[in-house]
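[1] Build me a model from this:
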Amino acid sequence: MSDDLIGKSIPRIDGFEKATGSATYTDDMTFPGMLHAGMLLSPHAHAKIVSIDVSRAVDLPGVKAVLTGQDLPYRVGLYMVDKPVLADDKVRYFGEPVAAVAATSEEIARQAVDLIDVEYGVLEPVLDARKALEPQSPLVHELLHTYDCIKGVFCPIADSNIANHFKLRKGDVEAGFSASDHVFENRFYVPQVQHVPMETHATIAHWMRKGRIEIRTSAQSPFAVRHLLSVALGISHSRIRVVVPYIGGAFGGKAGIHLEPLVSLLSKAAGYLPVKLVATRKEEFITLPCRQGLHARIKTGVTSEGRITAEEIEYIWDAGAYADYGVNIGRASGYSGAGPYEIENVKLDSYTVYTNKPFGTAYRGFGHVELFWAVESQMDMVARELGMDPVAFKLKNLLKPGATTITGEKVTEHTGSVRKCLEAVADEIGWSEETPPPSSAGRVRARGIAVLHKAPAMPPNTASSAIIKFNEDATADVLVSGLDYGQGTATSLSQIAAHALRLPFDRIHFIWAKDTDYSPYDWQTVASRLTVMGGLCIMRAAADAVDQIKTVAARALGADKDALDVDDGRVFVKGDPAGGLDYKQVVMGYMFPNGNAIGGPVIGRGSYVAEGLTNLDAETGQGLPALCWTYGAHAVDIEIDTGTGDIDILKIASAFDVGKVINEDLCRGQVVGGGIQGIGTALTEQYIYNEAGHLLNPSFTDYKIPTVRDIPREMVQIFIETPHDKGPFGARGVAEHPMISVPPAIANAIYEGTGVRITELPLSPERVFLALGQKTEQP
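    I've put the predicted structure just below:
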């Protein structure tokens, strides 16, 4: 009965609550005596803090606490512990919190912030990551050599702005270039962009008099927040409780830890009262994290027949002021950095570099949107320089079973098929057919294509767990700490649970709120890993629960345990589904007619740690970093208005090898949403700074994201199912991947239609128009 649950488009279990407004988010919560926080933000990108006078703020009626960096000798960070709770001796970016206030109302908190006087000694800002590498560049972090980080994994360089240098070496790159007939070298750039979740960062913290801290927060992992706060403040994990309710979007921006330490410390300073801090939209832009920028250089050697012989790649990541998460983006992009191609000789250097800009963090795609802008733009350029069809060029070089990735991993039949993805979108877009004419004069119609891959970027010991406990009526509560912040995973995991327990779907109760006091451990909801790892945990917990049910039923029925089967909420002897027992008769313990009882409440548990992964060699980057790879491809059909530079996306076809579709509608939703986000990166989104490092577009007035008017006229989703040998039912993640390689597909189409190659994002009307004009002016 439950076999048809896997792959079925069951509606989202959170749909009613979100559609009716009955879902409770952090900002909806209030507690007795709760105070409100405000932050004083730096007006400079780089400056010494000469003095701070908080006396006027302290004297304002209603103010209960004022804190500065001098009061808080703590640093936080997941991979690189480099970020103070409040700026200490200097500010490192425009918008950095310098002081914070807790008051009886938001209005009083704002007034108090305005009463704090700060004297700054302005320093020269470092705004270009390339210049930050120069020996004479000002240092963003003079004490970089003293910061804690994961030794052997991350390699900060003392007395520099390099937070991490990831190196990868495969084969002999010089010999590879010598064996080539042609060498091409190109540079590309991707600016910083904002996550733009509907819900801004929000935290309520209550430091209690007995030393326990309770936090409600919009975060991507309650356990990551608890752990990082425990390490930073030197408090036992058992003394910290973190609850995550509904979340209004995240896209990576709420991974790790952000407002929680500051709000907790304000609560303590304010006489142990709860404190709430909800970021304004402007603070979301200038104070909280963004996506890192990237300068990329790729040098590729090829034979005349189109075989890639060598690549030399340099990625310079603009981490912004802090790199606590950014160092791992540089690492993950390094081991993926040549794309899904079979290349025998590779030299890759990925630098994560401090600048005086808002700090970068995880963003959907974890560096792959940026690196594939460079990789897939250049693959198209190389193919066309050789006079080859780009699809034929890609097919000649793509990974296939038996090939070796740039880290030394062998590709198998279970790895997935990027070839099938490429062929599927090429066929759907009509790649081999003549391009249709444009809709009107002054417009050009063209098509572009790009491939992609990504593996979960996570430590090799990443772990998840699940608990399934039955209720008296044989409904089952499913507890995991992986979060559904919009992607629909709660529904998919519920389908897996129902299938594995052999229960009707309506008898599964997915526990929504995540609470470190009661929920089982999970690392973080990042890296497109939750369906895979959370799904495996649920299957193991369900198997444990079913085993307990069979153990009790075997005694109750006088049958051999191995002779029993389960389905539709019943346990019975195989071949006799009409007999046996309902789960209700077993899951709280079975009672014989004479009153004797056996068994007891059934509670299943399951856990999973990423198996078979290794750290990467610090000098060569060789090792096994990937739990699984998800491959994909996009093809676009566009029109370009040559008079304005405006781009109209008529159609986007997207294919992904997902291993096994768990919920088809949710998979399609991921691909549609990711595709539209990718269009935003491609066409409109960027942070713009002045020479002083001030962000000039911290609002939707000047920072544009796609709206309903920008959605392509036709979006086609294609799913390839090459089962992954470790995934639940063979499934792989597909949450981040739809955003990757949308920009190069569009840029490749622009070149196809106009002969203009643009290497810097976004592909705004102005940039396209000017590029077209420059081409016209060339003799």
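[2] Residues touching the helix or strand where A332 lies, excluding its own?
    Secondary structure from DSSP states H and E places A332 in helix 326-335. Helix 326-335 has contacts (C-beta atoms under 8 Å, 6 or more residues apart in numbering) with 78-80, 149, 153-154, 156, 163-164, 166-168, 292, 315, 317, 319-320, 348, 350-352, 359-362, 366-368, 370-371, 406-407, 457, 616, 621, 625-626. For every residue, glycine as well, the C-beta is placed using N, CA and C.
[3] does E619 sit in a helix, a strand or a coil?
    At E619 the chain is in coil, as set by DSSP: H, G, I helix; E, B strand; the rest coil.
[4] Report pLDDT for it.
    The confidence metric pLDDT takes the value 96 at E619.
[5] and it, what does it touch?
    Shown in contact with E619 (C-beta under 8 Å, 6+ apart): 167, 169.
[6] at 7 Å instead, please
    E619 sits next to K167 when contact means C-beta atoms under 7 Å, 6 or more residues apart in numbering.
[7] Equivalent analysis for P625, please.
    With contact set as C-beta under 7 Å, 6+ apart, P625 has these partners: 335, 407, 455, 613, 616.
[8] swap in V140?
    Taking C-beta under 7 Å, 6+ apart, we find V140 in contact with 92, 126, 161, 321, 354-356.
[9] ok, it to P84 distance?
    According to C-beta to C-beta, to the nearest Å, V140 and P84 sit 13 Å apart.
[10] repeat for V552
    When distance is defined by C-beta to C-beta, V552 is 56 Å away from P84.
[11] out of the two, which sits in the busier spot?
    Taking other C-beta atoms under 10 Å, V552 and P84 do not tie; V552 has more neighbours (22 against 19).
[12] Pretty sure that one sits in a helix.
    Yes. Under three-state DSSP, V552 sits within a helix.
[13] Ignoring the adjacent residues along the chain, who's closest to it?
    Nearest residue to V552 in three dimensions, chain neighbours excluded: G599, at 3.7 Å (C-beta to C-beta, 6 or more residues apart in numbering).
[14] In the sheet, which strands lie alongside the helix or strand harbouring the one you found, parallel or antiparallel?
    Per DSSP H and E, G599 falls inside strand 597-601. If you go by DSSP bridges, strand 597-601 pairs up with strand 588-591 (antiparallel).
[15] buried residues in the strand it pairs with?
    The neighbour-count check on strand 588-591 (16 or more other C-beta atoms under 10 Å) flags 588, 590 as buried.
[16] and what of stretch 163-173?
    163-171, 173.
[17] What of stretch 391-405?
    Buried positions in stretch 391-405, judged by neighbour count with 16+ other C-beta under 10 Å: 391, 393-399, 403, 405.
[18] And those residues, which is closest to A47?
    T405 (45.0 Å; C-beta to C-beta).
[19] Just the contacts of helix 326-335: which are in strands?
    Judged by DSSP state E, the contacts of helix 326-335 include 163-164, 166-168, 315, 317, 319-320, 348, 350-352, 360-361 as members of strands.
[20] pLDDT score assigned to the residue sitting furthest away from the middle of the chain?
    Most distant from the centre of the chain: N594, at 57.3 Å, with distances by C-alpha atoms, centre = their mean. Predicted confidence (pLDDT) at N594: the value is 95.
[21] before we move on, back to that, mind checking which of the contacts of helix 326-335 are buried?
    Buried subset of the contacts of helix 326-335 (neighbour count, 16+ other C-beta under 10 Å): 78-80, 149, 153-154, 156, 163-164, 166-168, 292, 315, 317, 319-320, 348, 350-352, 359-362, 366-368, 370-371, 406-407, 457, 616, 621, 625-626.
[22] Now the helix holding A332: average pLDDT?
    Over the span of helix 326-335, the pLDDT mean works out to 96.
[23] buried set for it?
    Quick answer for helix 326-335 (16+ other C-beta under 10 Å): 326-335.
[24] Please save the CA atoms from that helix in CSV.
    Output in CSV follows, covering the C-alpha atoms of helix 326-335 (Å, rounded to 0.1, in the frame of the first residue of the first chain):
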residue,chain,number,x,y,z
GLY,A,326,34.0,31.5,3.8
VAL,A,327,37.1,29.4,4.1
ASN,A,328,35.1,26.3,3.5
ILE,A,329,33.5,27.8,0.4
GLY,A,330,37.0,28.3,-1.0
ARG,A,331,37.8,24.7,-0.1
ALA,A,332,34.6,23.2,-1.6
SER,A,333,34.9,25.2,-4.8
GLY,A,334,38.5,24.0,-5.0
TYR,A,335,37.7,20.3,-5.1
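[25] distance between that helix and the chain's centre?
    13 Å (C-alpha atoms, centre = their mean, to the nearest Å).
[26] Pretty sure D172 sits against N345.
    Yes. With contacts counted by C-beta atoms under 7 Å, D172 reaches N345, the gap being 5.6 Å.
[27] Burial check on V263, number of neighbours?
    27.
[28] if I look at it, how far off is S236?
    19 Å.
[29] what's the answer for V672, then?
    44 Å.
[30] Kindly report the same for P504.
    42 Å.
[31] So for these two, which residue has more residues nearby?
    Applying other C-beta under 10 Å to P504 and S236 shows that P504 carries more neighbours, namely 14 against 9.
[32] quick one, what contacts that one?
    498, 568-569 are the contacts of P504 under C-beta under 7 Å, 6+ apart.
[33] same check, this time on A23
    The contact partners of A23, taken as C-beta under 7 Å, 6+ apart, are 14, 17, 246.
[34] pLDDT weak spots in the stretch 401-550 of the chain?
    Residue ranges of the stretch 401-550 of the chain with pLDDT under 70: none are present.
[35] quick one on the thing from earlier: looking at the buried residues of stretch 163-173, which is nearest T68?
    Nearest to T68 among the buried residues of stretch 163-173: A163, at 25.5 Å, using C-beta to C-beta.
[36] I figured that closest one hits M80, correct?
    Yes. Using C-beta under 7 Å, A163 is in contact with M80, at 5.9 Å.
[37] Now for these two: what residues contact both?
    Contact criterion C-beta under 7 Å, 6+ apart; residues shared by A163 and M80: 323, 327.
[38] what's the spacing between G488 and R307?
    Distance from G488 to R307, by C-beta to C-beta: 41 Å.
[39] Look at these two and report which has more neighbours.
    A count of neighbours by other C-beta under 10 Å puts G488 above the other of G488 and R307, at 23 against 17.
[40] Now do the same contact list for that one.
    12, 663, 666, 669 are the contacts of G488 under C-beta under 7 Å, 6+ apart.
[41] Three-state assignment for the first one, please.
    Look at R12: counting by three-state DSSP, its state is coil.
[42] do the third one as well
    With three-state DSSP as the basis, L666 sits in helix.
[43] Make sure it is actually in contact with A490.
    No. Judged on C-beta under 7 Å, L666 makes no contact with A490 at a distance of 10.0 Å.
[44] In the buried residues of stretch 163-173, find the pair that's most separated.
    A163 and G171 (28.0 Å).
[45] quick one: the strands in the stretch 101-250 of the chain?
    For the stretch 101-250 of the chain, strands defined by DSSP state E, counting those that start in this stretch occupy the ranges 117-122, 162-170, 182-190, 202-207, 213-217, 240-244.
[46] I'd like the ones you listed as a markdown table, with distance to G430 appended.
    Below are these laid out as a markdown table (distance: least, C-beta to C-beta, whole Å):
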| stretch | distance to G430 |
| --- | --- |
| strand 117-122 | 57 |
| strand 162-170 | 37 |
| strand 182-190 | 28 |
| strand 202-207 | 47 |
| strand 213-217 | 48 |
| strand 240-244 | 46 |
